[in-house]
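Q: fold the following for me, if possible:
(chains A and B)
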Amino acid sequence: MQHDTLEALAARVPDGAMMALPPDNSLSPAAFARALVRRGVRGLRLLGVPVSGYATDLLIGAGCVASVQTSAVTLGEAGTAPRFVAALAAGSIEVIDATCPAIHTMLQAAEKGVPFMPLRGVIGSDLVTHRPDWKVIDNPFAVGDPILLLPALSPDIAAFHAACADRDGNVYVGRRRELATIAHASKSCLVTVERIVDGNLLEDERLAPGTINGLYVNAIAVAARGAWPIGLLDEYAIDAAHFAEYAKMARTEDGFRAYLDRYVLSPAAVAAE
Amino acid sequence: MITPQERLIGAIARLIVDPSAPPARHIAVGAASPIPAAACWLVKKLGHDVRLSLLHRPSGNPFTEGTRELFDLTGQGRIDLFFLGGGQIDGHANINLLGTGDWPGTTARFPGSFGSAFMYMMTPRTILFREEHSARVLVPKVDMISAPGISAPGVFRRGTAQALVTGRCVFSFDGAGFSLASTHPGETPDSIRAATGFSYAEAGTPPTTPDPTEAELALLRGPVCDEMLATYPDFCRRVWRRPVSDSPNRSAA
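A: A predicted model of the protein is given here:
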């Protein structure tokens, strides 16, 4: 598989695409999100699998996002996601609320190629009222047992940052095997990695269970420390000071613009990636 | 000197081991929950046979399929106890993690429902925890329901709230409404009533929430803090004045 530059990988995302992103504790592609801001993508329909964090808040603040379907948007210990909250208040994005296992289940239905899957719970939550695409039916195998049905959901693009890939396009995600479901369910998969390794990851019995088959992967770019300021597996920890700085700067539109200038758009920031 | 956080941890630990509640063999703790996490560690360090699955440990996460595995486990009934909070909580133990005003939170927006709409119904018991105890949070009726405390007849659910622990008191929940179980030191039934927006039952003068014992305090300040340092360094520094550099598990990065 040919490897893209980070900017070339970002150029593969068309305006208006539905793009699935993992949360901040699970291989979030932060450098890729910054490249998407530089590329000036518009109208993204983001899917948080199952919740959203820094990358989503950044893309919303930069005006790249039309809608976000998610179970929560949070900067974790750094608190509220300020650009998400501001965009919701301003009415500049559509927010489609879900609950974590519903998002997993919709992707699992797509992964299996079935039109819908049931999920327990949720009935009685106002989420059901506000999701016309979710339906409550009577369990056909029992009497008097209402159950929620969720439609299969197949994002246009899955994007995440992994530890490494081999030259066959196989991608190592370690214990974060829920990423495989996102890759399986999506129409295409764009991945950034810390490094390219020799050999074939699927030939190694110890690494194969934590590896996503290159069959699902459309393009890869190397982005060293590409999860920063988020941590990556056992390779590096979250940069909590930077998260706090982002949370503070992004409280205002002007502060967010200054953040973009310093950490996303400046030649020094680009060179660092 | 016992800190307020230590008292809350002790109160939650007593609820966890309450013999009248369904057994807690496997407890899961979500993100940003240092006080519930510490209560679980205290129960374990007291020698109770419990399995803890702490979702947001930076290393040694127990799951190999992320939170999806947590929800699958819970769907099967393999998680006995979970913790939830709420931007608003009402007298029917409904929780609102979405926001206030019109859908989806036009007045104030909270983060979102997370897995609450599933976990609350599929776990045999839930301990609700919210440190802020005010009429703003404990409301007569939540503006929107992320997860219901009570379900219509025939709707499958394994359990609901066991109790609500706040910075001022412990309420128990009987499946229909709350009752005042104990007040923390410095609070009175009057002060609780003044700070609570929903109505609840009161039977006589409730006891004061007991302090942790000397043995519990020693565990909290030693081995429990050790377990918590890597995930909650700020909390450990604030409550136990433990410098971050003492962390035994912190990654080298």
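
Q: please make it C-alpha for all contacts and neighbour counts, starting now.
A: Noted.

Q: for the stretch 51-200 of chain B, which residues are neighbours of chain A?
A: When proximity is defined as Cα under 8 Å from any Cα of the partner chain, the stretch 51-200 of chain B approaches chain A at B:56, B:58-59, B:63-68, B:71, B:75, B:104, B:106-107, B:109-119, B:121-122, B:144-148, B:151-152, B:154-157.

Q: look up how far chain A lies from residue B:202.
A: 28 Å (Cα to the nearest Cα, to the nearest Å).

Q: how about the contacts made by that residue?
A: B:179-180 (Cα atoms under 8 Å, 6 or more residues apart in numbering or on different chains).

Q: tell me the pLDDT of it.
A: pLDDT for residue B:202: 95.

Q: can you check residue B:242 too?
A: Looking at residue B:242, the pLDDT reads 84.

Q: okay, it and residue A:153: tell me how far apart.
A: Per Cα to Cα, to the nearest Å, residue B:242 is found 46 Å from residue A:153.

Q: go on, residue B:57?
A: Taken as Cα to Cα, the span from residue B:57 to residue A:153 is 30 Å.

Q: and the residue of chain A most remote from its centre, helix, strand or coil?
A: Note on chain A: the largest C-alpha distance from the chain mean falls to residue A:143, namely 39.0 Å (Cα atoms, centre = their mean). Following DSSP: H, G, I helix; E, B strand; the rest coil, residue A:143 is assigned to coil.

Q: same check, this time on residue B:199
A: coil.

Q: could I get the contacting residues of the residue lying closest to it once chain neighbours are set aside?
A: Spatial nearest neighbour of residue B:199, excluding adjacent residues (Cα to Cα, 6 or more residues apart in numbering or on different chains): residue B:91 at 6.3 Å. Counting by Cα under 8 Å, 6+ apart, residue B:91 makes contact with B:138-141, B:177-178, B:198-200.

Q: so how do I select the buried members of the residues of the stretch 51-200 of chain B next to chain A in PyMOL?
A: In PyMOL, a selection of the buried entries from those looks like this (16 or more other Cα atoms under 10 Å in any protein chain shown):
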select buried, chain B and resi 56+58+63+64+65+66+67+68+71+75+104+106+109+110+111+112+113+114+115+116+117+118+119+121+122+144+145+146+147+148+151+155+156+157
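
Q: who in the stretch 151-273 of chain A is up against chain B?
A: Counting by Cα under 8 Å from any Cα, the residues of the stretch 151-273 of chain A near chain B are A:175-178, A:233-237.

Q: residue A:33 and residue A:59 touch, don't they?
A: Yes. In this structure, residue A:33 is within contact of residue A:59 by Cα atoms under 8 Å, at 6.7 Å.

Q: these two: which is more packed in?
A: More crowded of residue A:33 and residue A:59, by other Cα atoms under 10 Å in any protein chain shown: residue A:33, with 25 against 22.

Q: for that one, what are phi and psi?
A: phi -60, psi -40 (degrees, to the nearest 10).

Q: in space, what's closest to it - neighbours in sequence excluded?
A: residue A:55 (5.7 Å).

Q: quick one, what contacts that neighbour?
A: By Cα under 8 Å, 6+ apart, the neighbours of residue A:55 are A:28-30, A:33-34.

Q: following element in sequence after the helix or strand harbouring it, please.
A: Using DSSP states H and E, residue A:55 sits within helix A:54-61. For helix A:54-61, the succeeding helix or strand toward the C-terminus, using DSSP H and E, is strand A:65-70.

Q: for residue B:226, grab the count of nearby residues.
A: 17.

Q: now do the same end-to-end measure for stretch A:94-107.
A: Counting by Cα to Cα, you get 21 Å between the two ends of stretch A:94-107.

Q: then stretch A:135-155?
A: Stretch A:135-155 stretches 20 Å from its first residue to its last (Cα to Cα).

Q: again with stretch A:143-154
A: So stretch A:143-154: terminal residues 32 Å apart, Cα to Cα.

Q: how about stretch B:209-223?
A: Stretch B:209-223 has an end-to-end distance of 24 Å (Cα to Cα).

Q: check which residues of that stretch are buried.
A: B:209, B:211-212, B:216-217, B:219-221.

Q: so the spatially closest residue to residue A:219 that is not a sequence neighbour, which of the three states?
A: With sequence-adjacent residues excluded and distances taken as Cα to Cα, 6+ apart, residue A:219 is closest to residue A:190, at 5.2 Å. Three-state call for residue A:190 (three-state DSSP): strand.

Q: show me the shaky parts of the stretch 101-250 of chain B.
A: B:244-250 (pLDDT under 70).

Q: would you list every one of the strands in it?
A: B:108-109, B:125-130, B:138-139, B:160-166, B:169-173, B:178-183 (DSSP state E, counting those that start in this stretch).

Q: and for the stretch 151-273 of chain A?
A: Counting by DSSP E, counting those that start in this stretch, the stretch 151-273 of chain A has these strands, from start to end: A:157-166, A:171-172, A:188-197, A:211-212, A:219-222.

Q: which one of these lies closest to residue B:193?
A: For residue B:193, the closest of these is strand A:157-166, at 49.2 Å, according to Cα to Cα.

Q: okay, the angle between the closest one and strand A:188-197?
A: 20 degrees (axes from the mean of the first three to the mean of the last three Cα atoms, to 10 degrees).

Q: so who does residue 49 touch?
A: Went with chain A since none was named. Going by Cα under 8 Å, 6+ apart, residue A:49 touches A:20-23, A:70, A:100, A:103-104, A:182.

Q: try chain B instead
A: Neighbours of residue B:49 in contact, by Cα under 8 Å, 6+ apart: residue B:25.

Q: so how far is chain A from it?
A: Taken as Cα to the nearest Cα, the span from residue B:49 to chain A is 26 Å.

Q: so which residues on the stretch 1-150 of chain A come close to chain B?
A: Close to chain B, as judged by Cα under 8 Å from any Cα, the stretch 1-150 of chain A has residues A:25-26, A:50-51, A:70-74, A:76-77, A:80-81, A:85, A:88-89, A:95, A:97-101, A:104, A:120-127, A:144-146.

Q: can you give me the neighbour number for residue 8?
A: Since you didn't name a chain, this refers to chain A. Residues lying near residue A:8 (other Cα under 10 Å) number 15.

Q: switch to chain B, please.
A: Residue B:8 is flanked by 28 other residues according to other Cα under 10 Å.

Q: for residue B:31, what are its contacts?
A: A:76, B:55-56.
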